[in-house]
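**Student:** Here's a sequence, model it:
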Amino acid sequence: MSFFFFLTPPSCSCSSSSRFACLIFTVFIFLVSFLINVEGFAPLLQFPHSPAGSPWLSREKVLNVNQLGAKGDGIQDDTDFSFLINVEGFEPLLQLPHSRAAGPRLETGKILYVNDFGAKGDGIQDDTDAFRNAWKIACASITKASIVIPHDKKFLVRPISFAGPCRAKVTVTISGAIIAPKDPEVWHGLNPQKWLYFHGVNHLTVRGNGIINGRGHKWWSQSCKINATNPCEHAPTAIIFHRCQKLRVRDIALINSQRTHIAFTNSFRVVVSGIKMMAPSTSPNTDGLHISSSSRVNIKDSIIRTGDDCISIVGNSSIIRIRNIACGPGHGISVGSLGMGNSWSQVHDVIVDQAFLAHTKNGLRIKTWQGGRGFASQITFQNILMENVSHPLIIDQYYCDSLLPCPNQTLAVKVANISFVAIKGTSATEESVRFACSDSFPCEKLYLEEVQLLSNTGKNTSSYCWQAQGLTSGSVEPPACFSSNGTFIRQQAESGGSALQSF
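**Tutor:** Residues are numbered from 1 along each chain as shown. Coordinates of the predicted model:
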């Protein structure tokens, strides 16, 4: 009201001499009012001094103190929420609306709470329809939309598909918990490989400090890897992002997935940061992140402790960047497996930089099946610290994850231009380096620089090579066993330049 009072002229008698000016002023007031308040739409005009009209929040978290219990009536004490504003060593979790400098403005658009669509959040009643209906509204919105899963609630969600394309950007903020049905029978008649399935969605962000719990214990007990008498059957991946572009996933936690925790398939321009994934070391096939047929994927600042590969990169993936990862327990970081069933696979332009692996069954691994075709090339592992890791460095072109022996075959996926730089730590196995390559397609242009792998008792370890060709530079322990080996200095003298130039 004060805004309109300021605009009101000292007098507006609407005499014949001023009638036209009054009409113009009245229309102006109506238009301003329309821009500020349109039922069902975000305000088109907002003023930074008004908390109700223009909240200015940090881009990392969007937290509504009223949802956390603050009253804001000037009488009751809301001090308990001050911790959201100042946390030493971290960016503010909540920034107040009084200052334009406090942070970027919350994007205009719809904010949809799943409980407003009938979700109970008691962990017992089925909330799938509420999630589905919230997604339909968000995806159809012509303005940016946010779906909010509130904190302190557990939402039971059955297998569900979140389909695109959407008309505008969509953000899913998970502050509470999403839990899967415990009983595998819920998937009867449905695709057993999917639980939360996003597909064909561009400009999607999934974020929050909540938890996604696959409650996979019954699935694990039915696995043929736990009991060889069980049939080998599929189990759901907790979250699949299929054919998504410009995707961001950050700060969420996933636990006890039925199988893989997160899979990216046929996706492009993906950024993953600050996530945590945890499952028992004995849980079968519970990979952390699985990347398939995807490009320009950036994974950073995350913790992965599962029963299988922390990160696996498979066929037709490229330009993958992995940085600052803590891995273990699990099976390490893997490229592959590639070429299963005589298939064509290619993986290239991969960099893993700054990782800590602890108590994993494997370290840094490239694995291919006999009979496959394609290549794995331009892959670099650098600045890696290991603690009590079994088989720290592996190239295995005889990989066979089968209950039956795999037949010998001539064809193989070509492995070349692989670098291991600044790899240090302790090995739980006497053999710390194993490069077992194909007779028909030997590994070429392997490169070791500043590799120091000792046993966890402080003794030296050994290396094994078969049809592996490459070079070394600096201190390498255990010594390389390449079939056509040379030092960096010797190659540099012969070529008149860097050994890497010949690569």
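**Student:** show me what contacts the residue nearest the centre of the chain?
**Tutor:** Central residue of the chain (CA atoms, centre = their mean): Val272, 3.8 Å from the mean position. By CB atoms under 8 Å, 6 or more residues apart in numbering, Val272 lies in contact with Arg248, Val249, Arg250, Ile262, Leu289, Val297, Asn298, Ile299, Lys300, Ser302. (C-beta placed from N, C-alpha, C; glycine too.)
**Student:** Which of the helices or strands spans the first one?
**Tutor:** Put plainly, it is Arg248. Following DSSP states H and E, the helix or strand that holds Arg248 is strand 245-250.
**Student:** same question, the last one
**Tutor:** Under the assignment given by DSSP H and E, the secondary-structure element containing Ser302 is strand 295-305.
**Student:** how about that strand: buried residues?
**Tutor:** Neighbour-count burial for strand 295-305 flags Ser295, Arg296, Val297, Ile299, Lys300, Ser302, Ile303, Ile304, Arg305 (criterion: 16 or more other CB atoms under 10 Å).
**Student:** What is it packed up against?
**Tutor:** strand 268-273, strand 276-278, strand 289-292, strand 317-327 (3 or more CB pairs under 8 Å, 6 or more residues apart in numbering; DSSP states H and E).
**Student:** The shortest one pairs with which strands?
**Tutor:** Right, strand 276-278. strand 253-255 (parallel), strand 295-305 (parallel) (DSSP bridges).
**Student:** what's downstream of the shortest one, the next helix or strand?
**Tutor:** Stepping forward along the backbone from strand 253-255, the first helix or strand reached (DSSP H and E) is strand 262-265.
**Student:** same check, this time on the last one
**Tutor:** With elements assigned by DSSP H and E, the helix or strand that comes after strand 295-305 is strand 311-313.
**Student:** Can you spell out which helices and strands pack onto that following strand?
**Tutor:** Packing contacts for strand 311-313, counted by 3+ CB pairs under 8 Å, 6+ apart, involve strand 289-292, strand 317-327, strand 333-338.
**Student:** what sits up against that strand?
**Tutor:** 287-291, 299, 304, 320, 322, 325, 327, 333-336, 347, 350.
**Student:** if we can go back for a sec, CA atoms of the strand holding Ser302 as CSV?
**Tutor:** C-alpha atoms of strand 295-305 as CSV (Å, rounded to 0.1, in the frame of the first residue of the first chain):
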residue,chain,number,x,y,z
SER,A,295,29.8,-37.8,-23.2
ARG,A,296,31.1,-34.7,-21.3
VAL,A,297,30.5,-36.2,-17.8
ASN,A,298,32.1,-34.4,-14.9
ILE,A,299,32.2,-36.1,-11.5
LYS,A,300,33.8,-34.4,-8.5
ASP,A,301,34.0,-34.1,-4.7
SER,A,302,32.1,-37.3,-3.9
ILE,A,303,32.4,-40.3,-1.5
ILE,A,304,31.5,-43.8,-2.8
ARG,A,305,31.5,-46.9,-0.5
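**Student:** any idea of the mean pLDDT in it?
**Tutor:** Mean per-residue pLDDT for strand 295-305: 98.
**Student:** what about the helix or strand encompassing Gln452, distance to the chain center?
**Tutor:** Taking DSSP H and E as the definition, one finds Gln452 inside strand 443-455. In this view, strand 443-455 has its centroid 29 Å away from the chain centroid, taken as CA atoms, centre = their mean, to the nearest Å.
**Student:** before we move on, the earlier item: report all helices and strands that the strand holding Arg248 contacts.
**Tutor:** With contacts defined as 3+ CB pairs under 8 Å, 6+ apart, strand 245-250 has these neighbours: strand 204-207, strand 268-273.
**Student:** hey, which of those strands is tucked in deepest?
**Tutor:** Of all these, strand 204-207 has the most neighbours on average by mean count of other CB atoms under 10 Å, namely a mean of 22.
**Student:** Can you name the next helix or strand after it?
**Tutor:** By DSSP H and E, the next helix or strand past strand 204-207 is strand 211-213.
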